[in-house]
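**Q** Below is the structure, and that's it, no one-letter string:
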């Protein structure tokens, strides 16, 4: 669990709510069910209209990465690939066959299977890079769903405020209700801007960073397996892959 992300969310919302209370505002003034329905419901509906169902499902699945990001230890991956290189030089590529079942990552298992089957280095690279590109593009498109939500929410918040003001205009005969009515109307704007800038946009950028990190980790595997197929010395492979450590 990435506790740092949780702390960030707590700090962001606590700062807004705490600042409001320091200025003499009341927490109850920020709680408005109709405004929440308008902003969250409108934003969700717009995104559902914009996004294909498959991509929307992928976005929901990626959301858990915010708190439970995939664990990638590139240093360990480099050591593993170098060990595989030593084993292949000692026993041949078929000596790696017994390692297939122990690989939990489907991408790594597929690449190792191609290597064991004696695939040409350029074919191994081409096959794995096609998979990598397709997966990365799909994940980035899914992360963009949250950026789209961050774009819609403020506008729908303004729409909610206008709807509230329309209701206020209907109460002009009762001046005592105008102040409270206007305050309630603008809560929708707060919700729209707040959710966009404190939640949706940060989530989108965080997912994008994690997706890029995952792509780098898989690119390292592609490079390492290709180097093994080319028969490079383990030390040369270690140096070749060392540059990926700078991308973490």
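**A** Sure, I can see it. All values reported here derive from a predicted model rather than from experimental measurement.

**Q** Quickly list the domain ranges of this protein.
**A** 1-31, 34-248 (automatic domain parsing).

**Q** Secondary structure element holding residue 19?
**A** helix 3-22 (DSSP states H and E).

**Q** Report the helix or strand with the lowest average pLDDT across this protein.
**A** helix 178-195 (a mean of 81; mean pLDDT, DSSP states H and E).

**Q** in it, what counts as buried?
**A** Neighbour counts over helix 178-195 (16 or more other Cβ atoms under 10 Å) mark 181, 184, 185, 186, 187, 188, 189, 190, 191, 192, 194, 195 as buried. C-beta coordinates here come from the backbone N, C-alpha and C atoms, glycine included.

**Q** any idea which of those is the one closest to residue 166?
**A** Using Cβ to Cβ, residue 185 comes nearest to residue 166 of the buried residues of helix 178-195, at 8.7 Å.

**Q** Next up, the contacts around that closest one.
**A** 160, 161, 162, 163, 164, 165, 167, 168 (Cβ atoms under 8 Å, 6 or more residues apart in numbering).

**Q** Pick out whichever of these sits closest to residue 86.
**A** residue 160 (63.6 Å).

**Q** The helix holding residue 19 packs against which elements?
**A** helix 201-229 (3 or more Cβ pairs under 8 Å, 6 or more residues apart in numbering; DSSP states H and E).

**Q** now for whichever helix or strand comes after the helix it packs on, which elements pack on it?
**A** The C-terminal neighbour of helix 201-229 among helices and strands, as given by DSSP H and E, is helix 234-241. Packing contacts for helix 234-241, counted by 3+ Cβ pairs under 8 Å, 6+ apart, involve helix 74-91, helix 201-229.

**Q** Relative to residue 132, which of the ones you listed is closest?
**A** Short answer: helix 201-229, nearest of the helices and strands packed on helix 234-241 by Cβ to Cβ, at 5.1 Å.

**Q** which residues touch the residue most central in space within the chain?
**A** By Cα atoms, centre = their mean, the chain has its centre lying nearest to residue 207, at 1.8 Å. Residues near residue 207 by Cβ under 8 Å, 6+ apart: 62, 63, 65, 66, 139, 142, 143, 146.
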